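Student: predicted model follows, preceded by the sequence.
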Amino acid sequence: PVLFLGYLPPVNRMCRIGSRPHEQPSYPAEVLHCPACHLVQLGLTVDPCILFPADYPYTSGTTRILRENFAELAGECEALIGLAPDDLVVDIGSTDGTLLSNFAPRCQVQGITPENVGREAAERGIPTLQSYFHDKAVAEVLRWRGPARLVTATNVFAHIENVHEVTRCIGSLLRPDGVFVSESHYLLPLVEGLQYDTVYHEHLRYYCLHSLLHLLRLHGLEVFHAKQIPTHGGSIRVYAARPGLHPVRDSVARLLELEAARLLQPEVLARFRERVVRSKLRLQALMLDLAERGQRVCAIGAPSRGSTLVNYVGLDAGMVAAVFEVKGSHKIGNYMPGTMIPILDEERLFAEQPDCALLLSWHIAAELMASLRRKGYRGSFLIPLPDPRIVGPG
């Protein structure tokens, strides 16, 4: 055991504003560490039908940093492995097809995603199989499209329950000269940046390069390139193929050395737990100070990570009057999970001008603050992590 964040509600199960409180499920969020392979994961797997229903709202093209990351990934794949017009690129968890749209002009593409948003991708010309990723889905792609030169799994590989089955299926889908690229939230910045709010039941595992090497080696794949990328507050991108197919780059050894020095020491995770508790207490104290000074606090954005922060810290509608989301968000008109804090149209932020805006997407605070200032918000900002602090108006 590393950390226990309490019993958390599913981040995408929200009640409509005005509905009466009723019994709702919550699940223990206990973080565990394996000293043998250095995998960090949650101690409970929640049924994926609960976490990823057909109306699951996540779309990969909604933030600038993700769009830029996917464009960069496509260019990097072209440079590292080359892609011919007849090569097939398969994206696992393709949602709205944003990543594959970067490959579509130069080769064949195929998305696999269980959510209804996959239909939107298909309408935009991205062939999409609406399915979870398993043997049956692989067989269908092989039957209609053939094996893949490239398989990608961005911000999804750590979400899937049976990781050995998934990795075996990826191997079955790849051509003999195929490459698998995964992007996962990286354990190193999670620990060093105190990103405990990224712990929720959709994120079952928290990988470092050591744990990914161990897993992929078990399934006959060799990591030949790895790098840190900025998405989701810090992620790791890993390239793997059958042994000997590509020379192993120096980036692999450099990242392994970095982890050995800064992550794999026994005291690191114990210190992380202590820092999480202290951060929670500091944020509560800051909220109390704002309340005693008569400051009205609202929150900006309702990302999944915001649900963990709100529920772990114990914020409620008496402390945070509302959460403001951009116009058109499906979350508007609901309560934050596990609370009765209403999610409202962002236009009300500029009309009401609360004294302080709590940034739940604090990992992109600079981008958010600049945007909200341009739109006319005049109050202060509260950045909750890693060290809670207020950024004054002006």
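Tutor: Okay, I see it.
Student: in stretch 66-85, which residues are buried?
Tutor: By 16 or more other Cβ atoms under 10 Å, the buried positions in stretch 66-85 come out as 66-67, 69-70, 73-74, 76-77, 81, 83. No exception for glycine: its C-beta is placed from N, CA and C like everyone else's.
Student: ok, now stretch 279-289?
Tutor: 279-280, 283, 286-287.
Student: the buried residues of stretch 66-85 in helices, which ones?
Tutor: Judged by DSSP state H, the buried residues of stretch 66-85 include 66-67, 69-70, 73-74, 76-77, 81 as members of helices.
Student: which of those residues has the weakest pLDDT?
Tutor: Least confident of these in the model: L66, at 80.
Student: what are the bridge partners for the nearest residue to Y206 once chain neighbours are set aside, then?
Tutor: The shortest distance from Y206 to any non-neighbouring residue, by Cβ to Cβ, 6 or more residues apart in numbering, is to V40 (4.2 Å). Beta bridges link V40 to H33, Y206, judged by DSSP bridges.
Student: distance check, V40 against H210.
Tutor: Distance of V40 to H210, given as Cβ to Cβ, to the nearest Å: 11 Å.
Student: who has more neighbours, those two?
Tutor: Set V40 next to H210 and count neighbours by other Cβ atoms under 10 Å: V40 wins out with 22 against 18.
Student: and the more buried one, what does it touch?
Tutor: Contact analysis of V40 by Cβ atoms under 8 Å, 6 or more residues apart in numbering lists 2, 31-34, 187, 205-208, 211, 269.
Student: swap the cut-off to 6 Å and go again
Tutor: 33, 187, 206 (Cβ atoms under 6 Å, 6 or more residues apart in numbering).
Student: using PyMOL, define a selection of the buried residues within the residues you listed.
Tutor: Applying 16+ other Cβ under 10 Å to the contacts of V40, the buried members can be selected in PyMOL as follows:
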select buried, resi 33+187+206
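Student: can you add distance to V297 and give the contacts of V40 back as JSON lines?
Tutor: Below are these laid out as JSON lines (distance: Cβ to Cβ, whole Å):
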{"residue": "H33", "distance to V297": "35"}
{"residue": "L187", "distance to V297": "31"}
{"residue": "Y206", "distance to V297": "30"}
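Student: of the contacts of V40, closest to L263?
Tutor: L187 (6.5 Å; Cβ to Cβ).
Student: quick one: stretch 364-379 to chain centroid distance?
Tutor: Chain-centre distance of stretch 364-379: 23 Å, with Cα atoms, centre = their mean, to the nearest Å.
Student: the stretch 51-200 of the chain: helices as residue ranges?
Tutor: With DSSP state H, counting those that start in this stretch as the criterion, the stretch 51-200 of the chain has helices at 64-81, 98-103, 117-123, 135-144, 163-173, 187-192.
Student: other SSEs contacting the fifth one?
Tutor: Pointing back at helix 163-173 there. helix 135-144, strand 148-154 (3 or more Cβ pairs under 6 Å, 6 or more residues apart in numbering; DSSP states H and E).
Student: the third one now?
Tutor: For helix 117-123, the contact count by 3+ Cβ pairs under 6 Å, 6+ apart identifies strand 128-130 as packing neighbours.
Student: what mean pLDDT does the strand it packs on have?
Tutor: Per-residue pLDDT over strand 128-130 has a mean of 94.
Student: what strands line up against that strand, and which way round?
Tutor: strand 108-113 (parallel).
Student: output the strand it pairs with as CSV, nothing but the C-alphas.
Tutor: Written as CSV, here are the backbone C-alpha positions of strand 108-113 (Å, rounded to 0.1, in the frame of the first residue of the first chain):
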residue,chain,number,x,y,z
GLN,A,108,-4.6,3.5,-43.9
VAL,A,109,-6.2,4.0,-40.4
GLN,A,110,-8.6,2.1,-38.2
GLY,A,111,-10.0,3.1,-34.8
ILE,A,112,-11.3,0.9,-32.0
THR,A,113,-13.4,2.4,-29.3
